[in-house]
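Asker: Output the structure for:
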Amino acid sequence: MAASASMQSIFLANSFAYGAGKRSSVRVNRLVPTLHRYPNMRVRSMAEDGLPEEKPSTVSEPSKIPAAAPTPTPFPPPPRTPKVSTKFGDVFAFSGPAPERINGRLAMVGFVSALAVELLKGEDLFSQISDGGVSVFLSTSILLSVASVIPLFQGVSVESKSKGLMTSDAELWNGRLAMLGLVALAFTEYVKGGTLI
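Answerer: Numbering: from 1, shown residues only. Down below sits the predicted model:
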């Protein structure tokens, strides 16, 4: 602070401040508080680790004024991208990225396909499963599960690929709603004893 104040007084000592007109000029010395000049003052910086330190110069400081140690301003570290674990146990953990996403994706496909078959053929969900829907369900489940897990094992986080409307949170909520919709569809058709539509 003392160094910057003395630097300002040195630079502003001989300059003029102009007022409203060209004739009225005021010396800046009267506008800026008077600061003492110390010709023997020096500015030192601390050397970083690994760099050789310079020896202090032989210029002596006045004994009246204690030297204020400058406080170094640390640079903020660069933002770290969180490392995504690619271990099988971490990917398929209860709070891991795979289980809810895979179940949500399967529920979205299942809910839409169940409603489509119901509209086209007039079959309820249970008759769709008994008429060969198990093999279609298993093949779709395997295909979507493998396609969902491969990027996770390569270390790609789901959040890094979400932009605009297609965010990872939107996919989770759509999957959750599809899971609830599929269960509600099956329960409604069971209670009703026939198709929903």
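
Asker: How many residues are close by L115?
Answerer: 16 (other CB atoms under 10 Å). Just so you know, the C-beta spots here come from the backbone N, C-alpha and C atoms, and that holds for glycine as well.

Asker: G110 too?
Answerer: There are 21 residues near G110, going by other CB under 10 Å.

Asker: Now do the same contact list for it.
Answerer: When the contact criterion is CB atoms under 8 Å, 6 or more residues apart in numbering, the partners of G110 are 137, 140, 178, 182.

Asker: any chance of those in a markdown table, with distance to Y190 and pLDDT too?
Answerer: Shown next, in a markdown table, are those (distance: CB to CB, whole Å; pLDDT from 0 to 100):
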| residue | distance to Y190 | pLDDT |
| --- | --- | --- |
| F137 | 18 | 88 |
| T140 | 23 | 91 |
| A178 | 19 | 96 |
| L182 | 13 | 94 |
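
Asker: Buried only: go through these for me.
Answerer: When these are checked for burial by 16 or more other CB atoms under 10 Å, the buried set is 137, 178, 182.

Asker: Sort out for me which of those are in helices.
Answerer: Where those overlap with helices, as defined by DSSP state H, the overlap consists of 137, 178, 182.

Asker: If I follow the layout properly, the last one ends up in contact with V112?
Answerer: No - counting by CB atoms under 8 Å, V112 is not a contact partner of L182; they are 9.8 Å apart.

Asker: Go through stretch 182-193 and flag the buried ones.
Answerer: The neighbour-count criterion (16+ other CB under 10 Å) identifies 182, 185-186, 189 as the buried residues of stretch 182-193.

Asker: got it, and stretch 149-161?
Answerer: Of the residues in stretch 149-161, those buried under the neighbour-count criterion (16+ other CB under 10 Å) are 149, 152, 158.

Asker: now stretch 172-179
Answerer: Neighbour counts using 16+ other CB under 10 Å place 175, 178-179 of stretch 172-179 among the buried residues.

Asker: Then stretch 128-148?
Answerer: Within stretch 128-148, the residues that count as buried by 16+ other CB under 10 Å are 128, 133, 137, 141, 144-145, 148.

Asker: Filter those residues down to the ones in helices?
Answerer: Counting by DSSP H, the part of these found in helices is 128, 137, 141, 144-145, 148.

Asker: For this structure, which segments are assigned as helices?
Answerer: Counting by DSSP H, residue ranges of the helices within the chain are 2-12, 28-31, 88-91, 98-121, 125-128, 134-153, 168-192.

Asker: Same list, these, but as a markdown table with distance to T73 please.
Answerer: Conversion of the helices of the chain to a markdown table gives the following (distance: least, CB to CB, whole Å):
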| stretch | distance to T73 |
| --- | --- |
| helix 2-12 | 14 |
| helix 28-31 | 29 |
| helix 88-91 | 38 |
| helix 98-121 | 43 |
| helix 125-128 | 65 |
| helix 134-153 | 40 |
| helix 168-192 | 37 |
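
Asker: Just tell me which of these ends up closest to F75.
Answerer: helix 2-12 (20.1 Å; CB to CB).

Asker: pLDDT of the closest one, averaged?
Answerer: Averaging pLDDT along helix 2-12 yields 50.

Asker: give the contact list for the nearest residue to L152 once chain neighbours are set aside.
Answerer: Leaving aside its chain neighbours, L152 sits nearest to V91 (5.0 Å; criterion: CB to CB, 6 or more residues apart in numbering). V91 makes contacts with 85, 97-98, 149, 152-153, as judged by CB under 8 Å, 6+ apart.
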